[in-house]
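Q: model this:
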Amino acid sequence: MGEAAASNTPGDVLVCIGLGSCVAVAVVDQGRGVAALAHVMLPSARRAQGAQTHRYADLSTPALVDLALARGARRTCLNAVLVGGAAMFDLGGVGNDVGARNEAAVREQLERLRVPVRAAATGGGRGRTVRVHVGAAIAIAVREAGGRDEPLLGLAAAGVGA
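A: Purely as a prediction, here's the structure:
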């Protein structure tokens, strides 16, 4: 949690396991085969001192774009995929859904950075795992707890599955 990775090496697989209210943000340039993935825990670092960058949507999202660019991605070709943001705990009251707040914060940052969201598997009440397969065609799969891999981006063409 609170970490990020990027790759342009075909065959690498970037993974976030056990996403509940956290949101995995994948930023990809499919033409260049570059992917970056972060595991965001909270919407904002406003009150956190010495904040670990990738724990917070407001810090992680721009840093993730920078990671992708450092691996050779082109800013104008970036797309995003979001996974997670589940309502895992009933904390009562409006505004207490950390998952929904995480997703909204990530989407706000992506919009500010002009990175379109191409696909999302968010919300609900079940945990998820996401896998980003790096290569000539980036493929992204999500698996709900107790389920099978489901394609989010490019999986049918890449032959990746359960």
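
Q: C-alpha only now, for contacts and for neighbours.
A: Will do.

Q: residues contacting the residue nearest to the spatial centre of the chain?
A: Of all residues in the chain, the one closest to the mean position by CA atoms, centre = their mean is Val25, 1.5 Å from it. Counting by CA atoms under 8 Å, 6 or more residues apart in numbering, Val25 touches 37-40, 61, 80-83, 106.

Q: just the residues you listed now: which is nearest Ala121?
A: Within the contacts of Val25, the smallest distance to Ala121 is 4.8 Å, found for Val83 (CA to CA).

Q: Surely the closest one is in a strand?
A: Yes: Val83: assigned to a strand according to DSSP: H, G, I helix; E, B strand; the rest coil.

Q: Let me know whether Arg126 touches Ala145 as I believe.
A: Yes: shown here, Arg126 and Ala145 form a contact pair, counting by CA atoms under 8 Å, at 6.4 Å.

Q: Please say which of those two ends up with more neighbours.
A: Between Arg126 and Ala145, counting by other CA atoms under 10 Å, Arg126 is the more crowded of the two (18 against 13).

Q: ok now do that one, which residues does it touch?
A: Applying CA under 8 Å, 6+ apart, the residues near Arg126 are 20, 86-88, 144-145.

Q: now Ala86
A: So Ala86 contacts 19-22, 99-100, 122-127 (CA under 8 Å, 6+ apart).

Q: Can you select the buried ones among the residues you listed for me in ChimeraX?
A: To isolate the buried ones among those in ChimeraX, judged by 16 or more other CA atoms under 10 Å, type:
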select :19,20,21,22,99,100,122,123,125,126,127
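
Q: Go through the contacts of Ala86 and say which is closest to Ala139.
A: Using CA to CA, the contacts of Ala86 come closest to Ala139 at Thr122, 17.8 Å.
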